[in-house]
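Enquirer: Any chance you could fold what I've pasted below:
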Amino acid sequence: MATVQVALWVVALLVVLAILFDFMNGFHDAANSIATVVSTGVLKPAQAVVFAAFFNLVAIFVFHLSVAATVGKGIVHPGIVDVHVVFGALIGAISWNLVTWYYGIPSSSSHALIGGIVGSVIAKAGSGALVAAGIWKTVAFIFVSPLLGFLLGSFMMIIVAWVFHRATPSRVDRWFRRLQLVSAGAYSLGHGGNDAQKTIGIIWMLLIATGHANAEAPPTWTIVACYTAIALGTMFGGWRIVKTMGQKITKLKPVGGFCAETGGALTLFLATALGIPVSTTHTITGAIVGVGSVQRASAVRWGVAGTIVWAWIFTIPASAFVAAIAYWVSLQIF
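Expert: Numbers count the residues shown, from 1 in each chain. Now for the predicted structure:
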């Protein structure tokens, strides 16, 4: 594949912008990892963010780079990507993240990035430049991941209710306050494993296009930088979204938090193994709704859940629109 010679400072600027997005991803999506464990009172907020950040970073040793390969090589046809496409994609994703963070809406950083790539690429070369299989796989999991989270969260709740039906509420609470540390750690591991790789993928895409990396594997420094950035973002936390995820959808007890996090973690592990960039926000929201609905349908605040779903629907088109504008602006700058 032919590469485009561009100034090194432009490449460096875009790498920094990508790492900033990765930090914001952790900051924005920290609620996914810690909302349940904070809202149930198992950990204090400051303890929870350090706990989650640790497992975000440990994920570097656990997961293969399947998701990074999908984003880096499976979304756009070779030869289309350049610095303008990457700039547009990142600006589109960052803009949507800032808007949804400000309003406390748990949207998907992952789909904001995919939407950014789509909008920027279409602005440059039309929809024919996109790899249909990669796009449809990602779009399908907008629906599959929350549904799978819902089913697994519900299933876990039913199993727990059956196993512990003779136990006293205080004993159940005591056990699951401990077990929730395991489930929260597992979910944070899945969060780091899936989300950090998306930024690795876009940096890899940029480096391939500009001749600074090959298509075999991303440079080691990109892997370390992205996992570190998402862990640091999680440590700073997105407190506006914690409240929505932890209390507004449904009231959670430690047993419910354990089931939601376990169902969500299993979904993330599966998606990461298959190389599918999914939304950790969609996944944990589906699992929380599943847990709440097992208790009783009225336990779920469906109006809040509906607002979140509308944000999901608008994420890709909104970030794509901003990305297309940013692409044209970048043509005047670089």
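
Enquirer: Enumerate every residue touching the closest residue to residue 172 other than its chain neighbours.
Expert: Excluding its sequence neighbours, the residue lying closest to residue 172 (CB to CB, 6 or more residues apart in numbering) is residue 164, at 5.2 Å. All C-beta atoms are positioned from the backbone trio N, CA, C, and that covers glycine. Neighbour list for residue 164: 172, 175, 255 [criterion: CB atoms under 8 Å, 6 or more residues apart in numbering].

Enquirer: which helix is the longest one in this protein?
Expert: The longest helix of the chain (DSSP state H) is helix 169-209.

Enquirer: hang on, the earlier thing: for residue 74, state which of the contacts of residue 164 is nearest.
Expert: Using CB to CB, residue 255 is the member of the contacts of residue 164 that lies nearest residue 74, at 39.0 Å.

Enquirer: Tell me, how many residues neighbour the closest residue to the closest one other than its chain neighbours?
Expert: Among residues not flanking residue 255 along the chain, residue 176 sits closest, at 4.3 Å (CB to CB, 6+ apart). The number of residues packed near residue 176 is 22, by other CB atoms under 10 Å.

Enquirer: so where's the stretch 51-200 of the chain shaky on pLDDT?
Expert: The stretch 51-200 of the chain contains residues with pLDDT under 70 at 106.

Enquirer: in it, which spans are helices?
Expert: 66-73, 83-102, 109-125, 132-163, 169-209 (DSSP state H, counting those that start in this stretch).

Enquirer: If you count contacts, what does the shortest one end up packed against?
Expert: Under the contact criterion of 3 or more CB pairs under 8 Å, 6 or more residues apart in numbering; DSSP states H and E, helix 66-73 touches helix 109-125, helix 132-163, helix 169-209, helix 254-273.

Enquirer: if you set the cut-off to 7 Å instead, what comes out?
Expert: Packing partners of helix 66-73 (3 or more CB pairs under 7 Å, 6 or more residues apart in numbering; DSSP states H and E): helix 169-209, helix 254-273.

Enquirer: would you turn these into TSV with distance to residue 224?
Expert: Output for the helices and strands packed on helix 66-73, formatted as TSV (distance: least, CB to CB, whole Å):
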stretch	distance to residue 224
helix 169-209	10
helix 254-273	18
